[in-house]
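Novice: just coords:
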Ligand SMILES: Cc1ncc(COP(=O)(O)O)c(C=O)c1O
Ligand SMILES: N[C@@H](CCOP(=O)(O)O)C(=O)O
C-alpha cells in the first residue's frame with residue numbers, strides 16, 4: 001500500500017484471492033456498509049492492522065459521508081438500479097477508497113514515525129479526493145498532476161482551494177495520459193523515488209482497488225445475491241472500478257455480466273470488441289474524468305488473461321509505449337468471458353441525461369449517463385442491472401444544465417467554492433522539471 005508501483009514498473013496484485021462462501025455472502029444482507037467493508041476486506045489485510053485497528057479505520061473513513069447508507073441504490077426502471085457513489089466529501093466514487101487509504105496511511109505512518117510524498121495523476125476526481133483525504137496530515141506531502149484546461153471548474157477548485165500547506169495542485173501541459181506517464185516515470189526514477197519516499201494513491205495502488213470491491217457486495221446483496229446473480233455496468237477510464245467488480249466476482253459474488261462503458265475515447269471498447277489495444281488521440285469530452293487512453297488497471301486484467309505471465313505483459317506494455325498491441329486469441333477469449341463493453345457518444349450521453357431525468361427524476365452526471373446508456377443496451381430480463389453513478393452532477397454543471405435545463409446545486413458545505421482563493425502551479429510535461437518542483441516544495 002505504501003509502495004504503490006512495483007520497482008520493476010509492474011503493478012501489484014494479490015497472489016491469491018480470498019473466497020467468501022455463499023453463506024458468508026448471504027450473511028452480509030442487512031449489515032451496515034462499514035460492517036460489510038470489514039468482512040470483505042479483512043481477509044486481504046492480514047496482520048498489518050489488528051481487528052480493532054482495522055474496524056476503527058473503516059468507521060473513521062465513512063463517518064463524513066452525506067448518506068447513512070454510504071452507497072444507496074435507487075431504482076431507475078424495471079430491473080435497472082443506480083448505485084449512487086457520490087455521497088462522499090468530494091462527490092465522486094473515489095472517496096470510498098481515498099478516505100479509507102487516508103486512514104490506513106495515517107495509522108501505518110504514525111506507527112513507524114515515517115513520512116511519505118504522495119504524487120497522483122488525475123483527470124479530475126482522484127486528485128480532489130486525495131487532497132481531501134490527506135490535507136493537513138503531518139507525515140504526508142501531496143502533489144497532484146492534472147491536465148491543464150481539461151477538467152471541470154468544480155473539480156479544479158476542489159483541488160486548488162484547500163489552504164493546507166502540505167497539498168499542492170499542479171496544472172500540467174498535456175492530457176491525463178501524460179500526467180499518468182510522468183507519474184510512472186517518477187516511480188521508475190529510483191533516486192527521486194527513494195529520496196522523497198514516493199507513494200502513490202492512484203488505482204495503480206492495490207489498496208484503492210480493494211476498497212472499491214466493497215460496494216459490489218453491498219449492492220448485490222441488497223438485490224438478492226447470492227441467491228440471484230446481478231450484473232454491473234461501470235463507466236470506465238482507468239479500469240480500476242470495473243476491475244474491483246471482477247475481484248468481487250473472483251471472491252465468490254455471483255455476478256452475471258460486468259459491462260465496461262466508455263465515452264468517445266473508446267480504446268477499451270475497441271479492444272474488448274477484438275480490435276487490439278491501439279492508442280488514438282484523446283479527444284476532450286463532457287465526461288472529462290474518462291478521457292483516458294492508457295488505462296492503467298487494464299494491465300491487471302491482461303495479466304490474468306495471459307495466465308499471469310509477467311514477461312508477456314511486460315512486452316505488451318513496451319509495445320504500448322510505441323502505440324499499441326494486439327491481444328492473443330486465448331487472452332481475448334478470457335477477457336471477453338469476463339467483460340463486455342459499449343460506448344456512448346457525446347450526443348447519446350446528453351440524451352440519456354435528459355431522458356433519465358424525465359423517466360425517473362434522477363439527474364445524472366455525464367459519466368453516470370454513459371453507464372446508464374450502455375446498461376440499457378446490455379440488460380436482460382430477470383437479472384438486475386446495477387449501474388454505478390460515479391460522480392455527482394454538480395461536479396459537471398455546464399453539461400448537465402445544457403442537457404436537462406436544471407442547474408445541479410452543490411451541497412451547502414461547498415456554497416462558497418467559487419469565492420475561495422485558488423493556489424496552483426503551472427508545470428511543464430517534463431520529468432526533470434516536475435521532480436525539481438516537488439523537491440522544492442516539500443515540507444522541510
Ligand atoms: C466520475 C468518474 N467516472 C468514471 C471514472 C472511471 O473510473 P476508472 O478509472 O476506475 O475506470 C472516473 C475516473 O476514474 C471518474 O472520475
Ligand atoms: N478518472 C480518474 C483518473 C485516475 O484514476 P485512478 O482511479 O487510477 O486514480 C480521475 O478522476 O482522476
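Specialist: Perfect, I can see it now. As the structure is a prediction and not an experimental result, all values here were calculated from the model. Residues are numbered from 1 along each chain as shown. Ligands and ions are numbered 1, 2, ... in the order given.

Novice: near ligand 2, which residues of the stretch 151-300 of the chain? Just list them.
Specialist: The interface of the stretch 151-300 of the chain toward ligand 2, taken as C-beta under 6 Å from any ligand atom, is made up of 202-203, 237-238, 240, 289, 296. For the C-beta atoms, the positions are set from N, CA and C on the backbone; glycine is no exception.

Novice: how about the nearest residue to residue 122, chain neighbours excluded?
Specialist: Spatially, and ignoring its direct neighbours in sequence, residue 122 is nearest to residue 146 (4.9 Å; C-beta to C-beta, 6 or more residues apart in numbering).

Novice: also residue 278?
Specialist: Sequence neighbours aside, residue 324 is the residue nearest to residue 278 in space, at 3.2 Å (criterion: C-beta to C-beta, 6+ apart).

Novice: cool, and residue 14?
Specialist: That would be residue 44: by C-beta to C-beta, 6+ apart, it lies 6.5 Å from residue 14.

Novice: other SSEs contacting whichever strand or helix holds the one you found?
Specialist: Per DSSP states H and E: residue 44 is located in helix 33-45. Contacts defined by 3 or more C-beta pairs under 8 Å, 6 or more residues apart in numbering; DSSP states H and E place helix 33-45 against helix 51-62, helix 206-222.

Novice: of all those helices, which one is nearest residue 80?
Specialist: In terms of C-beta to C-beta, the element of those nearest to residue 80 is helix 206-222, at 12.7 Å.

Novice: going by neighbour count, list what's buried in that closest one.
Specialist: Residues 206-222 are the ones in helix 206-222 that count as buried (16 or more other C-beta atoms under 10 Å).

Novice: quick one: average pLDDT of the helix holding residue 44?
Specialist: Here helix 33-45 scores 97 as its mean pLDDT.

Novice: now that helix against helix 51-62, angle please.
Specialist: 130 degrees (axes from the mean of the first three to the mean of the last three C-alpha atoms, to 10 degrees).

Novice: what ranges do the strands span in the chain?
Specialist: Shown for the chain, the strands assigned by DSSP state E span residues 73-77, 80-84, 116-121, 140-147, 167-172, 198-199, 230-235, 255-262, 277-278, 324-325, 340-343, 385-389, 425-427.

Novice: not counting its own residues, what contacts stretch 33-42?
Specialist: 20, 24, 28, 31, 51, 54-55, 58-59, 62, 69-71, 100, 210-211, 213-215, 217-218, 221, 248, 251 (C-beta atoms under 8 Å, 6 or more residues apart in numbering).

Novice: ignore what I typed, I meant stretch 156-169.
Specialist: Contacts to stretch 156-169, defined as C-beta under 8 Å, 6+ apart, come from residues 90, 122, 124, 127-128, 131-132, 134-138, 140-144, 146, 417-418, 420-425, 441, 443.

Novice: all set, thanks.
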